[in-house]
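Predicted model and sequence below, questions to follow.
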Amino acid sequence: MIKKTIILCIAFLSLNSAVFAADWIRLNITNTEKYIYLDHDSISKNENNLFYVVRFKNNSDKEKLAYMKYEISEDKIGIIKVKDYNSEKYESPKVWQESYAFMKKVNEDSFFNNINNFVKDDEMVHKLVTTRQLRKQNTQSNNSELIKKYGEKYPTMKDYITSVETKIRQNWKLPVTNNGGIAKVQFKIGRDGKLLSCEIKQSSGNKNNDDSAIAAIKNTEPFEAFPANTDKNLKEINIIMTFDYYVMDINKK
């Protein structure tokens, strides 16, 4: 019996999912030891105010959410509320935008001031979205061709691979670090759904990032068995996944 193995590359470019499809973007700020994320999907603006949500953490503290409000005409920032972060209970921006916030001038050296300067700059936010989209397109252009070829040879496995991708993405937890980079992980799944091997193929340059990529895959095991009507000679699949730890530098120039 001939043993067949196929290699498939899959790109992971979204951050942790939440109830309201938060788009968490990691920010690099030099004047704080905290690691910080901005929910890009939370950014909204009306005639007078700008709203957004920030997620932050020190190494030893609990992860926090800060619901922010910026009064455009008065140039003042208000924190509507701060609470512990829970991805399963993250609230939609519409829930809190009408809440009262004590508005004040924020210290120029505060990391909140750096974030606010970034969020209110439409050009910078547009640059962020464009950069992330280009990274996604560059990775997926190669990936889509491999998926096409694989699906043509083993049609029953196309949905299986999509399911593997979805489940691993759900288990991908971003580490407490502001270091970016791209990690590539190679792993094998046997016909019965057992994880046969898993290793870093290309390091992101940061151990915490690499470990979180490995953990996302190992914590998803056991996978489902191959579809019953899959070619009997296909004993395992050898997959290479790319985890993009994109960090946006928003330090004052």
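Thanks, I have it. Just so it is clear, the structure is predicted and the values come from calculations on it, not from any experiment.

correct me, but Thr220 touches Asn171?
Yes - Thr220 is within contact range of Asn171, at 5.0 Å (criterion: CB atoms under 8 Å). Using the backbone N, CA and C atoms, a C-beta is placed for each residue, glycine as well.

Of the two, give the one with the bigger neighbour count.
Thr220 (18 against 15; other CB atoms under 10 Å).

That one: which element?
For Thr220, there is no enclosing helix or strand under DSSP states H and E.

Let the chain start at 16 from now.
Let's use 16 as the start, then, which means that last one is Thr235.

so what's the backbone phi/psi at it?
phi -90, psi -20 (degrees, to the nearest 10).

Compute the distance between it and Leu211, please.
Per CB to CB, to the nearest Å, Thr235 is found 14 Å from Leu211.

what does Asn122 give?
Taking CB to CB, one finds Asn122 at 54 Å from Leu211.

Which one of the two is surrounded by more residues?
Ranked by neighbour count (other CB under 10 Å), Asn122 and Leu211 place Leu211 first, with 13 against 9.

For that one, which residues are in contact?
202-205, 251 (CB atoms under 8 Å, 6 or more residues apart in numbering).

Same question for Gln201.
Gln201 neighbours (CB under 8 Å, 6+ apart): 212-216, 253-255.

Domains in the protein, by residue range?
19-32+154-264, 39-141 (automatic domain parsing).

Include mean pLDDT when you put those into JSON lines, please.
Output for those, formatted as JSON lines (pLDDT from 0 to 100):
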{"stretch": "domain 19-32+154-264", "mean pLDDT": "80"}
{"stretch": "domain 39-141", "mean pLDDT": "80"}
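
Among those, which comes closest to Arg147?
For Arg147, the closest of the domains of the chain is domain 19-32+154-264, at 6.1 Å, according to CB to CB.

next one: the closest one to chain centre, how far?
15 Å (CA atoms, centre = their mean, to the nearest Å).

Repeat that for stretch 68-78.
Centre to centre, stretch against its chain (CA atoms, centre = their mean), the figure for stretch 68-78 is 16 Å.

could I get the domains of the chain as TSV with distance to Gln148?
Output for the domains of the chain, formatted as TSV (distance: least, CB to CB, whole Å):
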stretch	distance to Gln148
domain 19-32+154-264	9
domain 39-141	11
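
quick one, helices of the stretch 116-265 of the chain?
126-134, 137-168, 173-185, 222-233 (DSSP state H, counting those that start in this stretch).

Quick check: which of those helices is buried the most?
Neighbour counts (mean count of other CB atoms under 10 Å) averaged over each of the helices of the stretch 116-265 of the chain peak at helix 126-134, with a mean of 20.

so Phe66 makes contact with Leu53?
No - if you go by CB under 8 Å, Phe66 and Leu53 don't touch, sitting 12.0 Å apart.

Which of those two has more residues huddled nearby?
Leu53 (26 against 20).

which residue packs closest to that one, ignoring adjacent ones?
Closest residue to Leu53 in three dimensions, ignoring its sequence neighbours and counting by CB to CB, 6 or more residues apart in numbering: Ile40, at 5.1 Å.

For the helix or strand hosting that neighbour, buried residues please.
Using DSSP H and E, Ile40 falls within strand 39-43. Buried residues in strand 39-43, counted by 16 or more other CB atoms under 10 Å: 39-42.

Which single one of the residues you listed is nearest to Tyr82?
Trp39 (14.6 Å).

I'd guessed the closest one sits against Tyr50; true?
No - using CB under 8 Å, Trp39 makes no contact with Tyr50, being 11.2 Å away.

how close does Thr47 get to Val97?
15 Å.

Identify each buried residue in stretch 39-58, please.
Those would be 39-42, 44, 47, 49-58, for stretch 39-58 by 16+ other CB under 10 Å.

Neighbours of the closest residue in space to Ala81 that isn't next to it in sequence, how many?
Nearest non-adjacent residue to Ala81, counting by CB to CB, 6+ apart: Val69, 4.6 Å away. If you count neighbours by other CB under 10 Å, Val69 ends up with 23.
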